[in-house]
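Visitor: my questions concern the predicted model and sequence given below.
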Amino acid sequence: MSKFTYLLVSAMLISALVGGVLGTPEETNSPPEERVNVVSTTATPTPEKQLTPDAAYIFRKEDGHYWSNASVDGTSVEFLVDTGASIVALTWRDAQRLRLKPKELDFRWSIRTANGETFGASVLLDSIRIGNVRIENVEAMVLKDGLLDHSLLGMSFLGELYSYEFKGDTMIIRK
């Protein structure tokens, strides 16, 4: 087989594989209201289309980060979504609001963050809910006062999802 023929066959196989894996929008199993126009990456779903049985939408704010208000054990907490955080991290203030009694917790775990090193106390949250997506028994750390300005929604929550994806200014999470 000549080098040209080999490259042509390889390119055809790659094209077939990519086409078979990605498919076209008409071939996807997602309902039409969940499809995002590929041409307009800034399009965001309207509020009435946000709540599907297994999905929730998190929007990027002007600061370039994805923020979400979540219900943690029935209490509203604002989270910065952080795929680089291995665990949900709670500020001292949010831990107090959640009645976790941070003064009584055991801060024995050494934690490295983008803001420096601190100590954390391990806690288990009954649930975190964003829209229709609810994850139970979520491991979290309460960090010593002053290191975090906002609680972080880390991988101990995100890793329990069926999927999460970014489309333009929207993060879609699915249970």
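Guide: Done, it's in. All figures in this text were calculated on a predicted structure; none of them were measured in a lab.

Visitor: any low-confidence regions in this protein?
Guide: Scanning the chain for pLDDT under 70 picks out the ranges 1-51.

Visitor: now do the contacts for Asp72.
Guide: Residue 72: Val, not Asp. Contact analysis of Val72 by CB atoms under 8 Å, 6 or more residues apart in numbering lists Asp94, Leu98, Leu125, Ser127, Ile128. (C-beta placed from N, C-alpha, C; glycine too.)

Visitor: in strands only, show me the residues you listed.
Guide: Secondary structure from DSSP state E places Leu125, Ser127, Ile128 of the contacts of Val72 in strands.

Visitor: ok, and the most crowded of those residues?
Guide: Ile128 (24 neighbours; other CB atoms under 10 Å).

Visitor: pull the most distant pair out of the contacts of Val72.
Guide: The span of the contacts of Val72, defined through CB to CB, is set by Asp94 and Ser127 at 15.1 Å.

Visitor: now Trp67: closest residue in space that isn't a chain neighbour?
Guide: Closest residue to Trp67 apart from its sequence neighbours, by CB to CB, 6 or more residues apart in numbering: Lys61 at 5.3 Å.

Visitor: what of Ala85?
Guide: Gly154 (3.2 Å).

Visitor: and what of Met141?
Guide: Excluding the flanking residues, the one nearest Met141 by CB to CB, 6+ apart is Gly120, at 3.7 Å.

Visitor: same question, Leu143
Guide: Gly120 (5.1 Å).

Visitor: pretty sure that neighbour contacts Leu147?
Guide: No. The criterion here is CB atoms under 8 Å, and Gly120 misses it with Leu147 at 9.3 Å.

Visitor: which of these two has more neighbours?
Guide: Shown here are Gly120 and Leu147; by other CB under 10 Å, Gly120 has more neighbours (22 against 18).

Visitor: got a list of what the more buried one touches?
Guide: Contact analysis of Gly120 by CB under 8 Å, 6+ apart lists Ala89, Phe107, Trp109, Ser110, Ile111, Met141, Val142, Leu143, Lys144.

Visitor: what's stretch 97-112 in contact with?
Guide: Counting by CB under 8 Å, 6+ apart, residues outside stretch 97-112 touching it are 72-73, 75, 77, 89-90, 92, 95-96, 117-123, 125, 141-145.

Visitor: report the buried members of those.
Guide: Restricting the contacts of stretch 97-112 to buried positions leaves 72, 77, 89-90, 92, 95, 118, 120-121, 123, 125, 141-144, with burial counted as 16 or more other CB atoms under 10 Å.
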